[in-house]
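J.: just coords:
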């Protein structure tokens, strides 16, 4: 997996999202918005009992915090592909990107467990 290099979003774009997050989460917001503007993320989901499973996530890019983002996730395991789709408010989806950046190991990103619970219909 290639390490992720994220260009932070400009402050003019970050400003409209500031009221939606507590001050403790705001330092990573420019990077989460920068990642969001890329429209995709390649990563690897950790699996407890074995090697991780590769995924490609894509999403539509919206401009307002109140808009809805639809993300599509494709898990790739050899020749097997599993596709999922999830629609969330922008602020919630970007919150998951913020958590991904904070928890990233060695520059590799993965969505947090709560995102997967929603994706799979457990939350």
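T.: Everything's here; your move. If you're wondering where the values come from, they're calculated on a predicted model, not measured in any experiment.

J.: dump the residue contacts of residue 95.
T.: 21, 25, 32 (CB atoms under 8 Å, 6 or more residues apart in numbering). Backbone N, C-alpha and C define where each C-beta goes, glycine included.

J.: ok, 10 Å please
T.: Residue 95 is in contact with 17, 20-21, 25, 29, 32, 88-89, 112, 114-115, counting by CB atoms under 10 Å, 6 or more residues apart in numbering.

J.: quick one: average pLDDT of the longest helix along the chain?
T.: Selection of the longest helix in the chain by residue count, based on DSSP state H, yields helix 90-103. Averaged across helix 90-103, the pLDDT comes to 94.

J.: mind listing what's buried in it?
T.: 90-91, 93-101 (16 or more other CB atoms under 10 Å).

J.: which helices and strands sit right next to the helix or strand harbouring residue 56?
T.: Using DSSP states H and E, residue 56 sits within strand 50-59. Counting contacts by 3 or more CB pairs under 10 Å, 6 or more residues apart in numbering; DSSP states H and E, strand 50-59 is packed against helix 29-38, strand 40-47, strand 68-77, strand 80-89, helix 90-103.

J.: adding distance to residue 60, write these out as TSV.
T.: Shown next, in TSV, are these (distance: least, CB to CB, whole Å):
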stretch	distance to residue 60
helix 29-38	10
strand 40-47	11
strand 68-77	5
strand 80-89	9
helix 90-103	10
